[in-house]
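Novice: Everything below, folded, please.
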Amino acid sequence: MAEATSPAHQTLIKNLVKEKHKDCFRRLGAGAGIAAKLSSDAQRGIRGDDADVRRRKEAFGDNAYPKPKPKTFLGHFLDALSDIFLVALLVCAAVSTGFGIKEHGLKDGWYDGVGIFLAVLLVSSVSATGSYTQAKQADKLARESANIAVNVVRAGWRHDVSMFDVVVGDVVILKIGDAVPADGVFLGGYGLQVDESGMTGEPTGIDVDAENNPFLAAGAKVVHGHGRMLVTAVGTDTVLGELMNTGENAADDPVPLQERLERLTTTIGNIGVAVALVAFTLLAARHFTGSGTGKTPPLLEKGVPLAVTLMVTFSMRRVVKENAMVHRLSALETMGSVTAICADKTGTLTLNQMEVTEFWVGTRRPGAATAIAGGIVTLLRQGAGLNTTGSVYWPDNVSPPEISGSPTEKALLSWAVTYLGMDAATFKNSGKVLHLEVFDSAKEHSRAKTMDNTTGALVVHYKGAAEVVLANCSMYVDMHGASRELGVEHMKKIDKVINDMAVGGLYCMAFAYKPIEDEGVGLTLLGLVGLKDRCRADVKCAIEACRKAGVGVKMVTTDNPQMARAIAMECGILSSNDPDGIVIAGHVFRAMPTVRQLEMVDRIRVVASSRPLDKMLLVKRLKQKGHVVAVTTGAGANDAPALKEADVVLTMSIKGTDLAAKDTIILNDKFHTVVTATRLGRCVYSNFQNFIQFNLTINAAALVVNLVSTATTGNTSLTTVHLLWANLVIGTMSALALAVDKPADAVMERPPIARTAPLISNAMWRNLAAQVAFQIAVLLALQYLGRAVFGTDDKANGTMIFNVFVLCQLFNEFNVRGMERKNVLAGVLGKNNMFLAVVTGTLVLQVMTVEALTKFAGTERLSLGQWGVCVAIAAVSWPVGWAVKFIPMTA
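Specialist: Okay, the predicted model is just below:
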């Protein structure tokens, strides 16, 4: 590698793709010549031992891209602290400290200001912890998404390596759906076409060949054909690496739930400001200085977004426990509203692990290959082993072969090895491929022009969907090798074999051939194989759970309607209890007028014989009917149109997933995770509604009590420190308590959350009004009668008011856990220890504030009797909440 590692050659070779120097490419000897200069081989690849790979990484660098340095916890903390609301509070804290010291001296005057500062510090720390955790999760997702497996040839052996281990000189095998792992040049292949729209913005496919365009750029996607490439540049030296160096990170989109809250928080904030101005006016009218005891800051504005972050973060952690992942917070929220899931059959509902379970020659099923004529077996071996993009590698004469390729190709090659007895000598010496047209969804077959190495005979082999291949056949062979005319009667018998396979859920493929010299003759059918792709074990239960939750699952497949129906029955998408369910062919749905499509889209359960645009059309029509649509990506490579239309994307594996494209949930290779994500999405929304109800109760009660108190006495019942404590500290802890609340099974018995559903429901208004009225009555009674009834002075009475106010919120946390749930302890005792722990911790903080931090909070220590009175008064919140839930409310 000495020649290639010289600076001149390094620069020349690594810039080949960037500058697309075709003259330079030819001058260097094209693919084979460049491979030689890189101490590689166009057929066998590099040596590939550890020392060789290490030297290449030292000479040309690693196949990794620069990443911005992750923000530290301190960075997230400073970001949280820069919030305009918290900055205003810090200014207030500074002013309060200055005036306090001036009025009460250094010893006692700094408590109020420092108390505000500590509250701000706590809120900023909690917010920073949430954002820091999310950032780490996003970074982990990005790393795992990029770590795709790449098929390379090293020392003549094909095997998979991590994309990060690809080095300059590697020979990479590319097939449909693969991402090009590095910059390189074309070595060979058939019909190779790539999509570079992610880099150039051009939506059209680009043909790659040795003559006109031999260059392959990192990040491009293979959309047609297959081929081999020689890696010439990796990592930062690639076209993609250059783009990543110059590009700017896009700002994160706002979370939908936070967007919906903007109007609410602004309204509440404006009400808070208005009340504060009224209080100030009243105080001024009474000739007070308006120093601040009557001001009520609009505190909800910070608590609400923080609550969203906390709740979705904890829900994401629950998803991670299922070994699944969520790319963006909004993806989990959106799942709570999903009403329809358009699922690929292959790789999503099924395992994408094909196996041959039936084999027919003509109209008979041979028991073993020995029952078939030798010439037919040879042709079948060639049809399976040469007309393929897969490969079979025999390490030695003892070890089993290592088979690579798509699941279908692997199944056929495995069958050829085990059933047809295709050994190493047979595979290497039987024939040579002169030209190969790979399988694609449009043609539904592959075609290989081969030459028999023994006789020199030229034969074209066909392999593909049985209906397509059979339509071009005029002859068939029997078990004895005799060619017979494919008449009407035999055609009917073979059609019945194909239909029976489809009804049994098997994908039927046909092998056929034609000698080159027989130009005007149709194909000769060699045999039929039935491939089974088994449904995932958890699919049926998951689909039934989705149906009960009001989420319809629709299967989209390229299989014919009979086969699609059989698999849909096996998965539970179709059942005898669903007489309205429709199985429709893609071309039939596509040809319908829009009005008719919209009429029947809700009844569609399966779209068979579909093309990529059919799936996109289905998603479009569902959204036009008001559905929130999730789309699953399976083994298909042409899902892009449907993914762009979807509200959320569900993918079975993170490997190679484009996380920048859409809100994405990775399903850990288990379809049942769809149910988990839906339950958690609904739980996030439900928990957040609970928090809104809780926080509105705090603010509404505090606003009214302070306004009335200011108007009648000139003093506020709750001081600024009390309100800060209740909103920022108690509110934050309550958000945490509700965030850890586990999703109840009941959330999956309700219909999905409508896009236009109000954030505050009628039941919430009912519960909120009752609790606010109760708290206002209790606090004002204590304000006016507490001193006389309990024999306390002003400071002790003020402490009891503050204590009752906070304890009411703690009891109300249990009330808000269910809008219609009358038993406030249901699902808590013995089932939700985390919720109890957070509530207990909040109570401990309140006891410390009242009993130990008296100077900070402006409180006085209370006796056990006074504590008992406070707890007893606050506990009335439970019977009030129980009674009001008997009032029926409509949605």
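Novice: So for residue 809, what's the pLDDT?
Specialist: According to the prediction, residue 809 has pLDDT 92.
Novice: Would you double-check that it falls in a helix?
Specialist: Yes: according to DSSP: H, G, I helix; E, B strand; the rest coil, residue 809 belongs to a helix.
Novice: OK, contacts around it?
Specialist: 694, 697, 698, 726, 730, 734 (C-beta atoms under 8 Å, 6 or more residues apart in numbering). (Glycine included, C-beta is placed from N, CA and C.)
Novice: Lowest-confidence one in those?
Specialist: Taking pLDDT as the measure, the contacts of residue 809 have their low point at residue 730 (75).
Novice: Surely that residue is in contact with residue 841?
Specialist: No: counting by C-beta atoms under 8 Å, residue 730 stays clear of residue 841, with 11.0 Å between them.
Novice: Between these two, tell me which one has more neighbours.
Specialist: residue 730 (24 against 13; other C-beta atoms under 10 Å).
Novice: and residue 403, what are its phi and psi?
Specialist: Here is the backbone geometry of residue 403 (degrees, to the nearest 10): phi -110, psi 130.
Novice: Show me what it bridges to in the sheet.
Specialist: Beta bridges link residue 403 to residue 392 when assigned by DSSP bridges.
Novice: Verify the stated contact: it with residue 410.
Specialist: Yes: counting by C-beta under 8 Å, residue 403 does reach residue 410; the two are 5.1 Å apart.
Novice: Common neighbours of those two, please.
Specialist: Common neighbours of residue 403 and residue 410 (C-beta under 8 Å, 6+ apart) are residue 390.
Novice: buried sites along stretch 212-231?
Specialist: For stretch 212-231, burial by neighbour count (16 or more other C-beta atoms under 10 Å) applies to 214-231.
Novice: Sitting in strands, which of the residues you listed do you find?
Specialist: 215-216, 221-231 (DSSP state E).
Novice: Show the contacting residues for residue 77.
Specialist: By C-beta under 8 Å, 6+ apart, the neighbours of residue 77 are 124, 125, 128.
Novice: Of the contacts of residue 809, which belong to helices?
Specialist: 694, 697, 698, 734 (DSSP state H).
Novice: Nearest residue to the first one in space, please, no chain neighbours.
Specialist: On the basis of C-beta to C-beta, 6 or more residues apart in numbering, the spatially nearest residue to residue 694 that is not a chain neighbour turns out to be residue 816, at 4.8 Å.
Novice: separation between the one you found and residue 697?
Specialist: 8 Å (C-beta to C-beta, to the nearest Å).
Novice: Looking at the two, which one has more neighbours?
Specialist: residue 816 (28 against 24).
Novice: Give the full set of residues in contact with the more buried one.
Specialist: With C-beta under 8 Å, 6+ apart, residue 816 has these contacts: 690, 691, 693, 694, 697, 738, 767.
Novice: how near is the fourth one to residue 808?
Specialist: Spelled out, that is residue 694. Shown here: residue 694 relative to residue 808, a distance of 11 Å by C-beta to C-beta.
Novice: swap in the second one?
Specialist: As defined by C-beta to C-beta, residue 691 lies at a distance of 16 Å from residue 808.
Novice: Most neighbours among the contacts of residue 77, which one is it?
Specialist: residue 124 (23 neighbours).
Novice: need the next SSE after the helix or strand that contains it, C-terminal direction.
Specialist: Assessed by DSSP states H and E, residue 124 sits inside helix 111-146. Per DSSP H and E, the first helix or strand lying C-terminal to helix 111-146 is strand 149-154.
Novice: which parts of the next helix or strand after that following strand are buried?
Specialist: Counting by DSSP H and E, the next helix or strand C-terminal to strand 149-154 is strand 157-162. For strand 157-162, a neighbour-count test (16+ other C-beta under 10 Å) marks 158, 161 as buried.
Novice: Give me the mean pLDDT for strand 157-162.
Specialist: On average, strand 157-162 scores 86.
Novice: and the angle from that strand to helix 111-146?
Specialist: On the basis of axes from the mean of the first three to the mean of the last three C-alpha atoms, to 10 degrees, strand 157-162 is oriented at 170 degrees to helix 111-146.
Novice: Dump strand 157-162 to CSV, keeping only the CA atoms.
Specialist: Output in CSV follows, covering the C-alpha atoms of strand 157-162 (Å, rounded to 0.1, in the frame of the first residue of the first chain):
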residue,chain,number,x,y,z
TRP,A,157,-15.0,-14.1,1.6
ARG,A,158,-18.2,-12.1,1.9
HIS,A,159,-19.3,-11.1,5.4
ASP,A,160,-20.9,-8.3,7.3
VAL,A,161,-18.9,-5.6,9.1
SER,A,162,-20.0,-2.4,10.9
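Novice: After it, which helix or strand is next?
Specialist: Counting by DSSP H and E, what follows strand 157-162 is strand 171-174.
Novice: what's that following strand packed up against?
Specialist: strand 149-154, strand 183-195, strand 221-233 (3 or more C-beta pairs under 8 Å, 6 or more residues apart in numbering; DSSP states H and E).
Novice: Between those, which one is closest to residue 878.
Specialist: Closest to residue 878 of the helices and strands packed on strand 171-174 is strand 149-154 (C-beta to C-beta; 57.1 Å).
Novice: Buried residues of the closest one, list them for me.
Specialist: 150, 151, 152, 153, 154.
Novice: swap in stretch 520-527?
Specialist: Buried, per 16+ other C-beta under 10 Å, within stretch 520-527: 523, 524, 525, 526, 527.
Novice: Any regions of the stretch 351-500 of the chain where pLDDT drops low?
Specialist: 396, 424-428 (pLDDT under 70).
Novice: Mind doing that once more with 50?
Specialist: Nowhere does the stretch 351-500 of the chain drop to pLDDT under 50.
Novice: try the stretch 151-300 of the chain
Specialist: 201, 247-255, 287-300.
Novice: give me that answer again for 70
Specialist: 197-205, 244-300.
Novice: so where do the helices sit in the stretch 301-450 of the chain?
Specialist: 329-335, 374-385, 407-418, 424-429 (DSSP state H, counting those that start in this stretch).
Novice: now the angle between helix 374-385 and the third one, please.
Specialist: For helix 407-418 against helix 374-385, the angle between stretch directions is 150 degrees (the same axes, to 10 degrees).
Novice: Fine by me, thanks again.
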